[in-house]
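Peer 1: Just a sequence and a predicted model for now, questions to come.
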Amino acid sequence: MPTEADARQERQEKAKQAKEVVDIFNEISTLLHSDLDRETLSICISLIENGVNPEALASVVRELRREGEEVRKEIRSSSRN
């Protein structure tokens with residue numbers, strides 16, 4: 001039966017592995033100029049691990065970026081008037 005120390009060590013190892021995964025994806029994201037910060041990237045990874053379709057997620061991210069840019073343009077336009 002695992003001891004409390006064993007359980008703690010296992011949690012630490014899982015946390016270390018999760019950090020390494022995010023580090024690797026962050027490097028890939030940076031190389032591809034995806035403009036995803038570590039937190040957003042971590043959320044996306046978690047969603048995919050929990051069954052979200054990666055292509056659908058990518059589509060949603062692109063759509064949110066488009067909408068965000070439209071809002072920024074409207075704000076800039078409104079502030080000039």
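Peer 2: Received the coordinates, thanks.

Peer 1: Which parts of this protein are strands?
Peer 2: Secondary structure of the chain (DSSP state E): no strands located.

Peer 1: Spatially central residue in it, please.
Peer 2: residue 41 (1.6 Å; Cα atoms, centre = their mean).

Peer 1: ok, that one - contacts?
Peer 2: Residue 41 makes contact with 22, 25, 26, 29 under the criterion Cβ atoms under 8 Å, 6 or more residues apart in numbering. Quick note: C-beta positions are derived from backbone N, CA and C, even for glycine.

Peer 1: Which of those residues fall in helices?
Peer 2: Residues of the contacts of residue 41 located in helices (DSSP state H): 22, 25, 26, 29.

Peer 1: show me the residues around the last one that make contact.
Peer 2: Spelled out, that is residue 29. Going by Cβ under 8 Å, 6+ apart, residue 29 touches 36, 41.

Peer 1: If we use 10 Å, what do you get?
Peer 2: By Cβ atoms under 10 Å, 6 or more residues apart in numbering, the residues touching residue 29 are 22, 35, 36, 37, 38, 40, 41, 44.

Peer 1: Same check on the third one?
Peer 2: Under the criterion of Cβ under 10 Å, 6+ apart, the contact list for residue 26 reads 34, 36, 37, 38, 41, 42, 45.

Peer 1: where do the helices sit along the protein?
Peer 2: 4-31, 38-49, 54-80.

Peer 1: Show me which residues of the longest one are buried.
Peer 2: When you say that, I think you mean helix 4-31. Using 16 or more other Cβ atoms under 10 Å as the test for burial, helix 4-31 gives 22, 25, 26, 29.

Peer 1: Measure how far stretch 65-72 is from the centre of its chain, please.
Peer 2: Centroid separation between stretch 65-72 and its chain, computed with Cα atoms, centre = their mean, to the nearest Å, is 19 Å.

Peer 1: Sounds good, over and out.
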